[in-house]
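**Q** here are the coordinates; sequence isn't available:
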């Protein structure tokens, strides 16, 4: 279940997430949302 929230992300982290997003888009050759990238990154980090 998704919940919409507002967060503040430092510019350096936002840039890294955008790079991850771009690489994922190139790899899968389809659109990938910023939210998906953020969620996947948080899941990996919080294991």
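**A** Nice, thanks for sending it over. Just so we're clear, the structure is a prediction, and the values are computed from it rather than from any experiment.

**Q** Just the endpoints, please. Distance across stretch 2-12?
**A** Start-to-end span of stretch 2-12 (CA to CA, to the nearest Å) is 25 Å.

**Q** Give me the distance from it to the chain's centre.
**A** Centroid separation between stretch 2-12 and its chain, computed with CA atoms, centre = their mean, to the nearest Å, is 10 Å.

**Q** Spatially central, which residue of the chain would that be?
**A** residue 37 (2.3 Å; CA atoms, centre = their mean).

**Q** before we move on, which element is that one in?
**A** helix 34-45 (DSSP states H and E).

**Q** average pLDDT across that helix?
**A** Here helix 34-45 scores 97 as its mean pLDDT.

**Q** list the helices and strands it packs on?
**A** The contact analysis (3 or more CB pairs under 8 Å, 6 or more residues apart in numbering; DSSP states H and E) places helix 34-45 against helix 11-28. No exception for glycine: its C-beta is placed from N, CA and C like everyone else's.

**Q** in the helix it packs on, what's buried?
**A** The neighbour-count check on helix 11-28 (16 or more other CB atoms under 10 Å) flags 20, 21 as buried.

**Q** for stretch 27-41, same thing?
**A** Neighbour counts over stretch 27-41 (16+ other CB under 10 Å) mark 32, 37, 38 as buried.

**Q** helix, strand or coil for the first one?
**A** To tie it back to what came earlier, the one meant is residue 32. Classification of residue 32 by DSSP: H, G, I helix; E, B strand; the rest coil places it in coil.
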